[in-house]
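Visitor: based on what follows, work out the 3D shape:
(one chain, ligands or ions: 1)
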Amino acid sequence: MTDLREESSEDVHSTTGMELFRVSRVFRGGQGVHDVSLVLKSQAIHGMIGANGSGKSTLLALMAGQQFPDSGQVLYGGIPVHEHAHTLSNICLVKTHERSWENYTLKQIFSFAALLYPNWDAGLAGELMDKFQLNAKKKYKQLSRGGQSMAGIIKGMASRAPLTLLDEPVIGLDASMREIFYKALLADYSMFPRTFVMTTHLIDESENLFEYMTYIKKGNVAYHGPVEDLSAKASYLTGTSSLLEELTKDKRTLHVERLGGRLLLALEDLSDPSERKHWLDKGVELSPISLQKLFVYMTQRDAANNEREGNR
Ligand SMILES: Nc1ncnc2c1ncn2[C@@H]1O[C@H](COP(=O)(O)OP(=O)(O)OP(=O)(O)O)[C@@H](O)[C@H]1O
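Guide: As a prediction, the model looks like this:
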């Protein structure tokens, strides 16, 4: 049997990274992941967002080879993730809750992890244990919700896996502990560049970590690309109500707010400079929308569309 520690994890990492081709995993009731094709840029931090139940955790479990697709292919380094132990030792999935860890102490959990991940850094694990003030003798099930998240983060970070998938890693963490995690992630990533995919509902505070964003909508990829491109997709327009109502009567708005005699609208697809100039020339003010707000508006619009479809 091959000793994974003797093989360089770079072999897999230096070829193509994570690729999904027409992947579906459908549960009873029809929910799940539907016909997803996605290529993740290697050596980048990816954010993954989407409403509750949109399919993010399922997608991460498929990428980690912990769920089998009903159809399609999940490849890492050009190899199906299920078929090669080497690919699996290069992919570290951190779940929101690790049921199999319940009866083990943190010391035991991290000793297992050290055997599984060839790049395991015990020094980093110890450093993070200190920063999070965790006691290695405690069993996972004895930890608070935040403590369990910290244990997951330590596994994900210290694994130094070329592809690390973090499923809502900050659940239960207070603001100062989240800050410690974000800083540790950026510091370690700058020294050991690798690929991270992190799902989160706290978009505002983690937006600066991400280079790429994937927006999952009802089991499909509704957007995948650079964060800047997503931010540039929409803008706020502010002006007098009469002017904006007249100018935008044929436009689909994402959001409308009345501020006395003025109107604030969120409009999509304003990345074209000539269109932006057009609005500015008309005396309309343009300002950026935060990703968190954009996500809220898109989710509300999708929910309204679903309701309309349901009523037909
Ligand atoms: N084992 C399962 N059996 C049946 N349905 C499932 C199973 N796992 C997930 N689902 C359903 O598939 C859909 C996607 O679930 P998933 O956990 O991937 O969503 P999510 O985007 O991670 O949600 P959240 O943000 O709430 O964690 C949901 O409707 C969920 O109920």
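Visitor: I'd guessed residue 160 sits against residue 121; true?
Guide: Yes: assessed by Cβ atoms under 8 Å, residue 160 is found in contact with residue 121 at 5.6 Å. (Each C-beta comes from the backbone N, C-alpha and C, glycine too.)
Visitor: what residues does this protein have near the ligand?
Guide: The chain comes close to the ligand at residues 27-28, 31-32, 50, 52-58, as judged by Cβ under 6 Å from any ligand atom.
Visitor: going by neighbour count, which of the residues you listed comes out on top?
Guide: Within the residues of the chain next to the ligand, most neighbours by other Cβ atoms under 10 Å means residue 50, with 26 neighbours.
Visitor: now do the same contact list for the closest residue to that residue other than its chain neighbours.
Guide: Nearest residue to residue 50, sequence neighbours excluded (Cβ to Cβ, 6 or more residues apart in numbering): residue 216, at 3.4 Å. Taking Cβ atoms under 8 Å, 6 or more residues apart in numbering, we find residue 216 in contact with 48-50, 54-56, 59, 222.
Visitor: now do the phi/psi pair for the nearest residue to residue 41 once chain neighbours are set aside.
Guide: Among residues not flanking residue 41 along the chain, residue 212 sits closest, at 6.2 Å (Cβ to Cβ, 6+ apart). Backbone torsions of residue 212, given as degrees, to the nearest 10, read phi -130, psi 150.
Visitor: who does residue 212 bridge with?
Guide: As for beta bridges, residue 212 partners with residue 46, residue 226 under DSSP bridges.
Visitor: next: the one 4 residues further on.
Guide: Beta-bridge partners of residue 216, counted by DSSP bridges, are residue 50, residue 221.
Visitor: what separates it from residue 53, distance-wise?
Guide: 10 Å (Cβ to Cβ, to the nearest Å).
Visitor: just the helices in the stretch 101-250 of the chain please.
Guide: For the stretch 101-250 of the chain, applying DSSP state H, counting those that start in this stretch gives helices covering 106-116, 122-131, 145-158, 175-191, 203-206, 227-232, 241-247.
Visitor: deepest in the core, which of those is it.
Guide: Neighbour counts (mean count of other Cβ atoms under 10 Å) averaged over each of the helices of the stretch 101-250 of the chain peak at helix 145-158, with a mean of 23.
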